[in-house]
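Enquirer: Here's a sequence, model it:
(3 chains)
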Amino acid sequence: MFYLKYKKHIEALLFVSGDPITIHKIAQILEIPEDHILSLMEELIEDMAAEHRGLTVIKVAAGYQLCTKPDLSTTLEKLGQVQDNKLSAAAMETLSIIAFKQPITKIEIENIRGVKIDRVLTTLNERQMIKEIGRKETIGRPILYGTTENFLKCFGLNGLQDLPPLAELLP
Amino acid sequence: MFYLKYKKHIEALLFVSGDPITIHKIAQILEIPEDHILSLMEELIEDMAAEHRGLTVIKVAAGYQLCTKPDLSTTLEKLGQVQDNKLSAAAMETLSIIAFKQPITKIEIENIRGVKIDRVLTTLNERQMIKEIGRKETIGRPILYGTTENFLKCFGLNGLQDLPPLAELLP
Amino acid sequence: MTDYKIKLEIFEGPMDLLMHLIEKNQIDIYDIPIAVVTEQYLTYLKALEEFNIDIASEFLLMAATLLQIKSRMLLPRPSQIVELLEEEDPRQELVDRLLEYRRFKDMSMVMDEMLKQREHFFTRLPEEFPIKIPLPLGLNINDLVVAFAAVWESSIDDYELVSREEFSIQDKMYDIIHLLYKYKGTIEFHQTLIRKGTKSEVIAAFLALLELVKLQRVLVSQQQRFSTIYITLKE
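Expert: Sure thing, here's the model as predicted:
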């Protein structure tokens, strides 16, 4: 077919457009008849059906849209994940203080660790290891922190009672 | 090759990522060795070199990025979704000084250009071409500027070492 | 006259203007006829003035530099060749600056071309994924215990090494209330400094006082500025 050389144009147009694009619009841009665009589009879809291709073209109300194949979604979602699943030494220290001394305020932890811990608290919160469990009835009513269900899960504990008693740890 | 089935995953990851993505990150997500990713990437690029394909993969900013083939740009511009990313002469002069002399302070740039550059710096910052990369240990601890990842991306550079050598331009 | 208007839009600054004059007159940058260039430079600034355009200070600064170089060039020079070699050409610094500027001006053209080349490649915006943070892996109760023991021991050491000087606001609040009961409901502010009388105690006492006022436990009064502050227990 004479118009075959336009297949790459269609692939590129779909890619750049991002949003669905109509056969009409493509025909306008490439200045070739709509029925030819349609058969080129069908060919393109067939090409992409090949096992080694990760993209496909779907037909939606507003036209045709380039997208990834549905069976790859699990892989693709990992792009949005924070890959690091370790806790830093600083985070571990802070977590241990919260675990053994809960409920405890930020200032109290900072007094023990001797450093500011705002960033570490944010991390532990994001990682669902700690949560706010109330307010201390003193000046400023500071937040009291404690550990979460996920904390127990990650450390393989049934409950806080499974933590070794502090008395044994301390001289 | 056993890992051949992952070629489609790489194509899809490149598509979804939009920005350049490193071999390391892909390897992390797919959980297969980096050298296999690299050879799959090379195969992918070869596949795309075929005449009927409209996309290609370029190596930029220490990663790989999916984009359209350059000879299709005239067609794609008709979509009207092209962003104007032209920089003014003043911005380009300032950017070239920062690119080659980084880390560099505002005053040092102003000494070379002979004009105030506050507005230009704001523009370059907004366009994410430059960023603060520290403070100079002199009086007033002035901000030191350097170029960004986005700078590399926009200029199609893999790293700063890919900049044309400044010495060649000397009289 | 429109000629100047066009130029005005083009020149980025005094360096740009100077480069233009040098190129226009096909001047050897290493041997600038400073009198000619200065005259043309000043003519341009004068044209700006005629158009009632504010001349940026950097243009004026360069004008002053040019005039200074010109006058230094006019000074009689020592005739000895040896001394001539040792004395720096008054134009040297300006030439160095112009060369440096030209390097980057040329480079900016090269980079402009790179940007244009790059514009032929179209890319896509990244897909937005909700950020998922996985739970930490490989945690062990021993790690937790070890971490705690370590931090606890080191914090004990701290207390041994450094004597505590801070006064907690809460302690200070107790001090104040205690003193108020002791002195039948009214004391002067300085009486609250019963410990070390240091600056940090003053600050703690003051903050404690503010807190007690906020809690409506005490009233504070002062007859005039800098006079004694009286604290009265509110019942």
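Enquirer: residues in contact with the nearest residue to A:Asp118 once chain neighbours are set aside?
Expert: Using C-beta to C-beta, 6 or more residues apart in numbering or on different chains and skipping residues adjacent in sequence, the residue nearest A:Asp118 is A:Lys106, 7.6 Å away. (C-beta placed from N, C-alpha, C; glycine too.) Counting by C-beta atoms under 8 Å, 6 or more residues apart in numbering or on different chains, A:Lys106 touches A:Ile117, A:Asp118, A:Leu121, A:Pro142, A:Ile143, A:Tyr145.
Enquirer: Scan the chain for its longest helix.
Expert: All of this is about chain A. Criterion DSSP state H: the longest helix present in chain A is helix A:34-48.
Enquirer: if you could check chain C rather than the one you did, that'd help
Expert: As assigned by DSSP H, the longest helix anywhere in chain C is helix C:92-118.
Enquirer: Report the mean confidence score over the host helix or strand of C:Val151.
Expert: Counting by DSSP states H and E, the element that carries C:Val151 is helix C:141-161. Averaging pLDDT along helix C:141-161 gives 68.
Enquirer: same check, this time on stretch C:18-31
Expert: 89.
Enquirer: returning to that earlier point: report the mean confidence score over the longest helix of chain C.
Expert: The average pLDDT within helix C:92-118 is 89.
Enquirer: just stretch A:34-45 next, same as before
Expert: Mean predicted confidence for stretch A:34-45 is 93.
Enquirer: Please save the CA atoms from that stretch in PDB.
Expert: Output of stretch A:34-45 as PDB, limited to C-alpha atoms (Å, rounded to 0.1, in the frame of the first residue of the first chain):
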ATOM      1  CA  GLU A  34      -9.600   8.700   6.500                       C
ATOM      2  CA  ASP A  35     -10.200   5.100   5.300                       C
ATOM      3  CA  HIS A  36      -6.500   4.700   4.800                       C
ATOM      4  CA  ILE A  37      -5.800   6.000   8.200                       C
ATOM      5  CA  LEU A  38      -8.200   3.500   9.600                       C
ATOM      6  CA  SER A  39      -6.600   0.500   7.900                       C
ATOM      7  CA  LEU A  40      -3.100   1.700   9.000                       C
ATOM      8  CA  MET A  41      -4.400   2.000  12.500                       C
ATOM      9  CA  GLU A  42      -5.700  -1.600  12.300                       C
ATOM     10  CA  GLU A  43      -2.300  -2.700  11.100                       C
ATOM     11  CA  LEU A  44      -0.600  -0.800  13.900                       C
ATOM     12  CA  ILE A  45      -2.800  -2.500  16.500                       C
END
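Enquirer: what's the closest non-adjacent residue to residue 62?
Expert: All of this refers to chain A. Once flanking residues are discounted, A:Ala62 sits nearest to A:Pro20: 4.0 Å by C-beta to C-beta, 6+ apart.
Enquirer: looking at chain C here, not the other one
Expert: C:Pro14 (3.5 Å).
Enquirer: Now do the residue of chain C positioned farthest from its centre against A:Lys136, distance only.
Expert: In chain C, the residue that sits farthest from the middle, by C-alpha atoms, centre = their mean, is C:Lys184; the gap is 54.6 Å. For C:Lys184, the distance to A:Lys136 equals 33 Å [C-beta to C-beta, to the nearest Å].
Enquirer: Can you spell out the domain ranges of the chain, please?
Expert: If you meant another chain, say so; for now it's chain A. A:3-76, A:89-168 (the TED database).
Enquirer: right idea, wrong chain: chain C
Expert: If you go by the TED database, chain C breaks into C:7-76+C:88-122, C:169-233.
Enquirer: looking at those, which has the lowest confidence?
Expert: Among these, domain C:169-233 scores lowest, with a mean of 80.
Enquirer: all strands of the chain, in order?
Expert: Chain wasn't specified; assuming chain A. With strands called from DSSP state E, chain A shows them at A:55-60, A:63-68, A:104-105, A:130-135, A:143-147.
Enquirer: please go with chain C instead
Expert: C:186-188, C:218-222, C:229-233.
Enquirer: contact partners of the second one?
Expert: If I follow you right, that is strand C:218-222. Strand C:218-222 is contacted by residues C:Ile176, C:Leu180, C:Leu209, C:Leu212, C:Val213, C:Thr228, C:Ile229, C:Tyr230, C:Ile231, C:Thr232, C:Leu233, C:Lys234 when judged by C-beta under 8 Å, 6+ apart.
Enquirer: The first one now?
Expert: Outside of strand C:186-188, the residues that reach it under the criterion C-beta under 8 Å, 6+ apart are C:Ile176, C:Leu179, C:Leu180, C:Thr228, C:Ile229, C:Tyr230, C:Ile231, C:Thr232, C:Leu233.
Enquirer: ok, so of the residues you listed, who is nearest chain B?
Expert: Proximity of these to chain B was ranked by C-beta to the nearest C-beta; the top entry is C:Ile229 with 40.9 Å.
Enquirer: what's the neighbour count on that closest one?
Expert: 16 (other C-beta atoms under 10 Å in any protein chain shown).
Enquirer: likewise C:Leu215?
Expert: There are 11 residues near C:Leu215, going by other C-beta under 10 Å.
Enquirer: got it, and C:Glu93?
Expert: 12.
Enquirer: circling back to that earlier point, would TSV of the strands of chain A with mean pLDDT, distance to chain C and mean neighbour count be doable?
Expert: What follows is the strands of chain A, written out as TSV (pLDDT from 0 to 100; distance: least, C-beta to the nearest C-beta, whole Å; neighbours: other C-beta atoms under 10 Å in any protein chain shown):
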stretch	mean pLDDT	distance to chain C	mean neighbour count
strand A:55-60	91	11	16
strand A:63-68	92	9	20
strand A:104-105	94	12	20
strand A:130-135	93	12	15
strand A:143-147	94	10	20
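Enquirer: could you redo those strands as CSV and give each row distance to C:Gln40?
Expert: Shown next, in CSV, are those (distance: least, C-beta to C-beta, whole Å):
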stretch, distance to C:Gln40
strand A:55-60, 61
strand A:63-68, 59
strand A:104-105, 73
strand A:130-135, 72
strand A:143-147, 71
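Enquirer: closest one to C:Met19 among those strands?
Expert: Nearest to C:Met19 among the strands of chain A is strand A:63-68 (48.3 Å), distances taken as C-beta to C-beta.
Enquirer: now the angle from the closest one to helix A:34-48?
Expert: If you take axes from the mean of the first three to the mean of the last three C-alpha atoms, to 10 degrees, strand A:63-68 sits at 20 degrees to helix A:34-48.
Enquirer: which outside residues touch strand A:63-68?
Expert: Under C-beta under 8 Å, 6+ apart, the answer for strand A:63-68 is A:11, A:14-15, A:17-23, A:25, A:41, A:54-58, A:76, B:12, B:15-16.
Enquirer: What are the boundaries of the helices in chain C?
Expert: C:2-10, C:14-24, C:34-50, C:57-74, C:81-86, C:92-118, C:141-161, C:169-182, C:199-214.
Enquirer: Which residues does the last one contact?
Expert: What it means is helix C:199-214. A:139, C:165-173, C:175-177, C:189, C:192-193, C:195, C:218-220, C:231.
Enquirer: ok, the contacts of A:Lys106 vs C:Arg118, which is closest?
Expert: Proximity of the contacts of A:Lys106 to C:Arg118 was ranked by C-beta to C-beta; the top entry is A:Asp118 with 40.9 Å.
Enquirer: For the closest one, give its distance to chain C.
Expert: A:Asp118 sits 17 Å away from chain C, going by C-beta to the nearest C-beta, to the nearest Å.
Enquirer: Low-confidence bits of chain A, can you list those?
Expert: A:1, A:81-84, A:167-171 (pLDDT under 70).
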